[in-house]
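Participant: Build me a model:
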Amino acid sequence: MNILVVDIGGTNVKMLASGHEDPRKFPSGPELTPEQMVVSVLSATKDWEYEAVSIGFPGPVLCGQPMAEPVNLGSGWVGFDFEAAFRLPVKVINDAAMQALGSYQGGKMLFLGLGTGFGAAVIMGGVIEPLELGRFHYKKSTLEHYVGNGGLKRQGRKKWQRHVEEVVERLVAALKPDDVVLGGGNVKKLKTLPPRTRAGANANAFLGGFRLWEGEADKLRASSSGPDNILRTKACGPKADIKK
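Facilitator: The predicted structure follows:
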């Protein structure tokens, strides 16, 4: 089954289809609407063949639908009919959860995305749980204010890294994960990784998008967690069978 994965970010929309190695992208930004996104994706991928679409959305998603308008994009995302627009089966998942799914190697994993904003997700007991942590209060503002891309530009790399290290330490102490993955476009700007963390890769978002459709029956099992541990998103989200 050929899948097109669309990773929607605050700076770029990136795409990759099954059987291809090089992603394509186009700028996003605060004026991008879902209609414009679909038109641009279809134009950029007109020479690719695919039968279904996975979309990583930068905001909360419930039952395959965006639950709030994204902070860094235009309006119209809530209630938008992606399947009608693409004329194909579509699965929508939080973007951090999609990259977490592609990064997962077993156990209880905490994923933190350092990009335009601050994404987070936990995979535990076979369940993908996106965490909307960016708006959590931290110091004089929010986590996103300090560790998002705006915080990096405003504070400089050294101060930004100190905040990243402190946030990671607090979340690890609270959630006690077995594995911590730092992903997103800004992870490469960390001079050193915080203790007991590993760097993810943006390509893992595409792997996560492919994993959403593995097996076609939505029954993907985490090979590292045993044959009965079905990985799924919470509250009627898609199930996926992970193959490392």
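
Participant: Can you pull out the low-pLDDT segments for the protein?
Facilitator: The chain contains residues with pLDDT under 70 at 215-244.

Participant: Go through it and flag its longest helix.
Facilitator: helix 157-175 (DSSP state H).

Participant: So what touches it?
Facilitator: With contact meaning CB atoms under 8 Å, 6 or more residues apart in numbering, helix 157-175 is reached by 108, 110, 112, 114, 120, 122, 133, 138, 143, 146-147, 151-152, 155, 180, 182, 189-191, 194, 196-197. All C-beta atoms are positioned from the backbone trio N, CA, C, and that covers glycine.

Participant: make it 6 Å
Facilitator: 110, 146-147, 151-152, 190, 194 (CB atoms under 6 Å, 6 or more residues apart in numbering).

Participant: Please apply the same query to stretch 16-23.
Facilitator: Residues from elsewhere that reach stretch 16-23, judged by CB under 6 Å, 6+ apart: 2-5, 14, 48, 50, 206.

Participant: Same question for stretch 63-75.
Facilitator: Residues contacting stretch 63-75 (CB under 6 Å, 6+ apart): 10, 31-33, 57-60, 77-78, 92, 116, 236.

Participant: Same list, those residues, but as CSV with neighbour count, secondary structure and distance to Asn202 please.
Facilitator: Compiled in CSV, those are given as follows (neighbours: other CB atoms under 10 Å; DSSP: H, G, I helix; E, B strand; the rest coil; distance: CB to CB, whole Å):
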residue, neighbour count, secondary structure, distance to Asn202
Gly10, 21, coil, 14
Glu31, 10, coil, 23
Leu32, 22, coil, 19
Thr33, 14, coil, 24
Phe57, 26, strand, 16
Pro58, 25, coil, 14
Gly59, 23, coil, 18
Pro60, 14, coil, 21
Trp77, 23, coil, 22
Val78, 13, coil, 26
Val92, 26, strand, 19
Thr116, 23, coil, 13
Cys236, 9, coil, 28
